[in-house]
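Asks: with the sequence up front, the predicted model follows.
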Number of protein chains: 2
Amino acid sequence: MVVKGRRATQADVARLAGVSQTTVSMVLNGTGAAQRRVSAEVRERVLEAIAVTGYSANPSAQLLAGGRSSIIGVYTYEPVFPHSGGDFYYPFLEGIEDEAERSGVDLLMFTSMSGRSGKSLLSTGRVGRLRVADGCVLLGRRSYPEDLAELLRQDFPFAFVGRREAPEGQAPYAAAAYGEATRAVVERLVDLGHERIVLVNEFTGHESIEDRSRGYREAMTATGLQPVTFDAPDLESGAFLDTLQGAGVTAALVTSDLAAPLRRAAMARGLDVPRDLSIARLGDPERPNGEDVDWSGFLIPRWEMGAHALRIVLRQLTADAAAGGDLQVSIPCTLVPGATVAPRQ
Amino acid sequence: MVVKGRRATQADVARLAGVSQTTVSMVLNGTGAAQRRVSAEVRERVLEAIAVTGYSANPSAQLLAGGRSSIIGVYTYEPVFPHSGGDFYYPFLEGIEDEAERSGVDLLMFTSMSGRSGKSLLSTGRVGRLRVADGCVLLGRRSYPEDLAELLRQDFPFAFVGRREAPEGQAPYAAAAYGEATRAVVERLVDLGHERIVLVNEFTGHESIEDRSRGYREAMTATGLQPVTFDAPDLESGAFLDTLQGAGVTAALVTSDLAAPLRRAAMARGLDVPRDLSIARLGDPERPNGEDVDWSGFLIPRWEMGAHALRIVLRQLTADAAAGGDLQVSIPCTLVPGATVAPRQ
DNA sequence: CTGAAAGCGCTTACAG
DNA sequence: CTGAAAGCGCTTACAG
């Protein structure tokens, strides 16, 4: 009884059931603001007409009429599925999808904004497009403060995966608790007898690096040790390791992508890891790099970050928005003992 | 100049530019049916107002009014990003996303239909939901003829990744040319002197298996050889290999997931691959299984299948729909020489 | 308990 | 070249 070529509308259903279109809508939307009740008899007739016609709501019309779209956007600052290299987004998306399925929302991937690699949303002039969705999860390696500012200003529900600082106001995010995890790693090294513990950063300025750095400094200071940080050292020349040795350093914390190079550099210098130098890795790298090393340190809860980010967006859409729940969430990292850290000799 | 809380509409733009809302729409939709032209001057003003207001079309309204949403759905019959195992969808999605970016459309992942694993769309009663999008790419391991039938009947633009047969009518798809590839593999084996060449299927009934089977039978018959097919053999007991040996079989074509087991079974039986038995694999498995074997056979063009599927959907949306382009596309597989096939001894 | 009517933001004939 | 108006299929006050 479905009409070919044309979808059944509420009007069709109404006609068949001998009621008004309004009534059909009421039957479907149970909790009308007016709390109106349709008589059981009429409801029955409507339901039957719906079955007969194969009616299914037109989501565009619903949305236009002020309803929800049940669509949450996913904006990534780079293509999600790159041909080559990097599963940066993959584990995050796993978590997002899982949560989406559980929450009954669809995910709109903003793939249309071509050439978006590393550009801010604002600069592409397509911020408005996000509104197709009820809210949006943002993913990107870098920080885009201007986008955060704009979205906050527009009062559009969103959440970033990873901590991000907005120029003003509080940007919602689901982050990894790098600070706590780093602190725990330092404390473990201290327990193992280390005193000269340094931090080696890949780069600086990014929120995630800042968090680790803060955790490191806090833990060192709390123990009465001197924090020493090296930013983006040149590991190719042996000079850096000479410096470490000269200073009597016995343990190093390293951000993920520098861990393997540092270890190689140490070994090239004739040092044994972990006997001569303990190395703790602050987070697993984006993609397995083939090296078969049992790293000490911690893992990034990527899956949970994705799931939480979506939950944070959804929270902003529900009535209890004002009431409950922090819009900035930090998720504990998983500490791993590993084999690259040992008691001080 | 963006209003907080409310999105700019064409009416807002019109007001600011001092023109009618219709004119704004005209400026945006270039090729109005009436071929009407807006004066360069007015167009300029409108464009400026658009920039100032940060206007971006409301896709729901566009869709409702009969326009396009620039959203293409992606419906997968299982979660795309499973926690464990299987990158079945990943390479397909890479291709789809790439094509989407190139074509300027967004991808709507229908994640909301929870518990969709292996269920037909029809049975979940949410076929209508697909209409949020202009069209839809469907992905799934299995076949769902009832869905194809329904979508064809509704005249909804879609394409399946992989060949699928509809109960009646022609379902659009982007498939791998398994038949041709299998034929080429047989011909190579024949060139190498093999005569007793068998086909070993994982299972049967699926379109992709049928295609390989057809290619095998055609190639064998064309060469005057006798096609012999084994469906879902028990490789654990040695009996199967005894059968092959007894029959003087020197080469076997195997669907992807059975390749490794067959090779192991042969080796367990004291046979050397490829000296005693050549094995050609008909397609790479969904995920690398760790085995370090240089398989002879062919690879499935997953990336291209994804990209083509999207293109096929888009083709149905353009004016030249009736005119040009086949909606059923087969993409050549990549033949790989490999090391599991050798001349007959 | 039920319906007529306005309005969501667009596109597209139809008039000027 | 430009605009007033209808209509897409819904939701939701507002009247009965």
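Replies: Everything's here; your move. Numbers count the residues shown, from 1 in each chain, chains lettered A, B, ... in the order given.
Asks: contacts, neighbours, all on C-alpha from now
Replies: Will do.
Asks: quick one: the residue in the stretch 51-200 of chain A positioned nearest to DNA strand C from B:Ala61, how far?
Replies: Closest to DNA strand C within the stretch 51-200 of chain A is A:Ala65: 3.2 Å, counting by C-alpha to the nearest atom of the strand. From A:Ala65 across to B:Ala61, the span is 9 Å (C-alpha to C-alpha, to the nearest Å).
Asks: check A:Pro285 too.
Replies: Between A:Pro285 and B:Ala61 the distance is 44 Å, computed by C-alpha to C-alpha.
Asks: cool, and A:Val254?
Replies: Distance, A:Val254 to B:Ala61, by C-alpha to C-alpha: 52 Å.
Asks: so for these two, which residue has more residues nearby?
Replies: Each of A:Val254 and B:Ala61 had its neighbours counted (other C-alpha atoms under 10 Å in any protein chain shown), and the higher figure belongs to A:Val254 (24 against 17).
Asks: got any ranges where the stretch 101-250 of chain A has weak pLDDT?
Replies: Applying pLDDT under 70 to the stretch 101-250 of chain A picks out residues A:113-117.
Asks: residue contacts, the closest residue to A:Arg15 other than its chain neighbours?
Replies: In space, and not counting its chain neighbours, A:Arg15 is closest to A:Gln21: 8.0 Å by C-alpha to C-alpha, 6 or more residues apart in numbering or on different chains. Applying C-alpha atoms under 8 Å, 6 or more residues apart in numbering or on different chains, we find A:Gln21 in contact with A:10-11, A:13-15.
Asks: and those, which are buried?
Replies: When neighbours are counted using 16 or more other C-alpha atoms under 10 Å in any protein chain shown, the contacts of A:Gln21 contain these buried positions: A:10, A:13-14.
Asks: tell me the one among these nearest to chain B.
Replies: Within the buried ones among the contacts of A:Gln21, distances to chain B taken as C-alpha to the nearest C-alpha reach their minimum at A:Gln10, with 13.4 Å.
Asks: pretty sure the closest one is in contact with A:Ser25, am I right?
Replies: Yes - applying C-alpha atoms under 8 Å as the test, A:Gln10 and A:Ser25 come out as touching, 7.1 Å apart.
Asks: tell me what A:Ile72 is bridged to.
Replies: According to DSSP bridges, A:Leu107, A:Gly135 are recorded as the beta-bridge partners of A:Ile72.
Asks: buried ones in stretch A:48-65?
Replies: With burial defined by 16+ other C-alpha under 10 Å, the residues of stretch A:48-65 counted as buried are A:49-50, A:53-61, A:63-64.
Asks: got a markdown table for the residues you listed, with secondary structure and pLDDT too?
Replies: Supplementary listing: the buried residues of stretch A:48-65 in a markdown table, determined by DSSP: H, G, I helix; E, B strand; the rest coil; pLDDT from 0 to 100:
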| residue | secondary structure | pLDDT |
| --- | --- | --- |
| A:Ala49 | helix | 87 |
| A:Ile50 | helix | 84 |
| A:Thr53 | helix | 82 |
| A:Gly54 | coil | 77 |
| A:Tyr55 | coil | 81 |
| A:Ser56 | coil | 78 |
| A:Ala57 | coil | 80 |
| A:Asn58 | coil | 79 |
| A:Pro59 | helix | 74 |
| A:Ser60 | helix | 79 |
| A:Ala61 | helix | 85 |
| A:Leu63 | helix | 78 |
| A:Leu64 | helix | 83 |
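Asks: neighbouring contacts of stretch A:256-266?
Replies: Contact with stretch A:256-266 is made by A:200-202, A:235-236, A:238, A:241, A:272-273, A:277, A:279-285, A:291, as judged by C-alpha under 8 Å, 6+ apart.
Asks: could you give me the PyMOL syntax to select whichever of these are buried?
Replies: The following PyMOL command selects only the buried members of the contacts of stretch A:256-266, with burial defined by 16+ other C-alpha under 10 Å:
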select buried, chain A and resi 200+201+202+235+241+273+277+279+280+281+282+283+284+285
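Asks: the contacts of stretch A:256-266 also near DNA strand D: which ones?
Replies: With C-alpha under 7 Å from any atom of the strand as the criterion, the subset of those in contact with DNA strand D is empty.
Asks: for A:Ser20, give me phi and psi.
Replies: Here is the backbone geometry of A:Ser20 (degrees, to the nearest 10): phi -90, psi 160.
Asks: excluding chain neighbours, give the residue nearest to it in space.
Replies: Closest residue in space to A:Ser20, ignoring its immediate chain neighbours: A:Ala14 at 5.4 Å, by C-alpha to C-alpha, 6+ apart.
Asks: check contacts around A:Val198.
Replies: A:Val198 neighbours (C-alpha under 8 Å, 6+ apart): A:227-230, A:249, A:251-253.
Asks: which residues does the closest residue in space to A:Phe156 that isn't next to it in sequence contact?
Replies: What sits nearest to A:Phe156 in space, not counting adjacent residues and going by C-alpha to C-alpha, 6+ apart, is A:Gly135, at 6.6 Å. When the contact criterion is C-alpha under 8 Å, 6+ apart, the partners of A:Gly135 are A:71-73, A:156-158, A:313-314, A:317.
Asks: tell me which of those is nearest to DNA strand D?
Replies: Distance from DNA strand D was checked for each of these by C-alpha to the nearest atom of the strand. The minimum falls on A:Leu317, at 13.7 Å.
Asks: ok, now which ones touch the closest one?
Replies: The neighbourhood of A:Leu317, defined by C-alpha under 8 Å, 6+ apart, consists of A:134-135, A:157.
Asks: so which of the residues you listed comes closest to chain B?
Replies: After measuring the contacts of A:Leu317 against chain B - C-alpha to the nearest C-alpha - the closest member comes out as A:Pro157, at 10.8 Å.
Asks: wait, the closest one sits on A:Val313?
Replies: Yes - using C-alpha under 8 Å, A:Pro157 makes contact with A:Val313 at a distance of 5.8 Å.
Asks: these two - which one has more neighbours?
Replies: A:Val313 (25 against 21).
Asks: relative to B:Val132, how far out is the residue nearest to that one when sequence neighbours are not counted?
Replies: Setting aside the residues directly before and after it, A:Val313 is nearest to A:Phe158 in space (C-alpha to C-alpha, 6+ apart), at 5.2 Å. With the distance defined as C-alpha to C-alpha, A:Phe158 ends up 21 Å from B:Val132.
Asks: these two: who's more crowded?
Replies: With neighbours defined as other C-alpha under 10 Å, A:Phe158 and B:Val132 compare such that A:Phe158 has more, 29 against 24.
Asks: ok, now which ones touch that one?
Replies: Contacts were defined as C-alpha under 8 Å, 6+ apart; by that measure A:Phe158 touches A:135-138, A:151, A:172, A:312-313.
Asks: go again with 10 Å.
Replies: A:72-74, A:130, A:134-138, A:148, A:151-152, A:171-173, A:309-310, A:312-317, A:327 (C-alpha atoms under 10 Å, 6 or more residues apart in numbering or on different chains).
Asks: show me what it is bridged to.
Replies: On the basis of DSSP bridges, A:Phe158 takes part in beta bridges with A:Cys136.
Asks: and the gap between it and B:Ser70?
Replies: The separation that A:Phe158 has from B:Ser70, given C-alpha to C-alpha, amounts to 22 Å.
Asks: same check on A:Gly179?
Replies: When distance is defined by C-alpha to C-alpha, A:Gly179 is 42 Å away from B:Ser70.
Asks: more neighbours: these two, which one.
Replies: Using other C-alpha under 10 Å, the more surrounded residue of A:Gly179 and B:Ser70 is A:Gly179, with 24 against 20.
Asks: which residue is the nearest non-sequential neighbour of the more buried one?
Replies: Counting by C-alpha to C-alpha, 6+ apart, A:Gly179 lies nearest to A:Gly215, which is 4.0 Å off, once chain neighbours are set aside.
Asks: strands of the stretch 201-345 of chain A, residue ranges please.
Replies: A:228-231, A:251-255, A:278-282, A:296-299, A:328-331, A:334-336 (DSSP state E, counting those that start in this stretch).
Asks: and the stretch 51-200 of chain A, by the same measure?
Replies: Defined through DSSP E, counting those that start in this stretch, the strands belonging to the stretch 51-200 of chain A, from first to last, are A:71-76, A:106-109, A:135-139, A:158-161, A:173-176, A:197-201.
Asks: perfect, that will be all.
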